[in-house]
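Enquirer: Turn this into a model:
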Amino acid sequence: MVRRDGAEARKERIEKIARSIQATLHIEKELQLSKTLAALEYDTGLTEDRLMEYIEIIERLGQITIDLENDKIKKPVA
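Expert: Reported below is the predicted structural model:
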């Protein structure tokens, strides 16, 4: 039986955002956080606050590094 509840939908959204950011970071050295948030808001319909929550989860997983002072998303520091 396939689980299709709110938790599963949230997990799928986080995974989709992580894949999108990582794919772009594979090409670019770093991303501008504010532009990335705007693009994700447009694509997903989620609010900036919700997207930041998801991006912070992705950062805590060690998949990206967020530099709020310089408005950047970078590859994780090894």
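
Enquirer: Next up, phi/psi of residue 58, please.
Expert: Taking degrees, to the nearest 10, you get phi -60, psi -40 for the backbone angles of residue 58.

Enquirer: what's the distance between stretch 55-75 and the middle of its chain?
Expert: Between the centre of stretch 55-75 and the centre of its host chain there is 8 Å, according to C-alpha atoms, centre = their mean, to the nearest Å.

Enquirer: do the same with stretch 47-59
Expert: 6 Å.

Enquirer: Give me the buried positions along it.
Expert: The neighbour-count check on stretch 47-59 (16 or more other C-beta atoms under 10 Å) flags 51-52, 54-55, 58 as buried. Just so you know, the C-beta spots here come from the backbone N, C-alpha and C atoms, and that holds for glycine as well.

Enquirer: can you check stretch 15-28 too?
Expert: 17-18, 21, 25.

Enquirer: Name the nearest residue to residue 25, sequence neighbours excluded.
Expert: In space, and not counting its chain neighbours, residue 25 is closest to residue 75: 5.4 Å by C-beta to C-beta, 6 or more residues apart in numbering.

Enquirer: Tell me the secondary structure at the residue nearest the centre of the chain.
Expert: When the chain is reduced to its mean C-alpha position, the closest residue under C-alpha atoms, centre = their mean turns out to be residue 55, at 3.9 Å. Taken by DSSP: H, G, I helix; E, B strand; the rest coil, the conformation at residue 55 corresponds to helix.
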